[in-house]
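Colleague: Following is a predicted model, sequence given first.
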Amino acid sequence: MCGVKETQCTHCNHLQICSFKAQFLAAQKAVDEVTVSTGDRSFISLRDISWIRPVSLECSYFSGKMPVMRDVAQSATLAAERASALRFMDDPT
């Protein structure tokens, strides 16, 4: 698999203290490495079958991180700047 795959762990409040993280990541890696017999003595990786969606495990203890007020304020400022730029493009006068 190319690159880094984000899991629920990346966005969980329990990331630093989780006792299940290593086991969860090992289970996700095992799912990512599943191969399927094609019937002609060859195998294909499950992730290479175009009509099957990627399988992502879900942890029952997942607790999503809440955005920090600073991040919310920055997002609002950025959105206002983009809206202002779009208005300028609409009315070049």
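Modeller: Structure's in. What do you need? As the structure is a computational prediction, the values presented were derived from the model and not from experiment.
Colleague: Strands along the chain, start to end?
Modeller: For the chain, the strands defined by DSSP state E cover 35-37, 43-45.
Colleague: Using CSV, lay out those strands together with mean neighbour count.
Modeller: Heads up, the C-betas are built off the backbone N, CA and C, glycines and all. Formatted as CSV, those follow (neighbours: other Cβ atoms under 10 Å):
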stretch, mean neighbour count
strand 35-37, 11
strand 43-45, 11
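Colleague: closest one to Gln8 among the ones you listed?
Modeller: Set against Gln8 and scored by Cβ to Cβ, these come closest in strand 43-45, at 22.3 Å.
Colleague: circling back to that earlier point, which of the strands of the chain sits closest to Leu78?
Modeller: It's strand 43-45; of the strands of the chain, that one is closest to Leu78 (Cβ to Cβ) at 39.2 Å.
Colleague: hang on, the earlier thing: the strands of the chain into TSV, with extra columns for distance to Lys21 and mean pLDDT?
Modeller: TSV is the format used below for those (distance: least, Cβ to Cβ, whole Å; pLDDT from 0 to 100):
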stretch	distance to Lys21	mean pLDDT
strand 35-37	26	93
strand 43-45	25	93
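Colleague: can I get those strands in JSON lines with distance to Cys12?
Modeller: Output for the strands of the chain, formatted as JSON lines (distance: least, Cβ to Cβ, whole Å):
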{"stretch": "strand 35-37", "distance to Cys12": "29"}
{"stretch": "strand 43-45", "distance to Cys12": "27"}
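Colleague: Which one of those lies nearest to Lys5?
Modeller: Closest among these, once you apply Cβ to Cβ, is strand 43-45, at 14.1 Å.
Colleague: hmm, who's touching that closest one?
Modeller: Identification of contacts with strand 43-45 by Cβ atoms under 8 Å, 6 or more residues apart in numbering yields 33-38.
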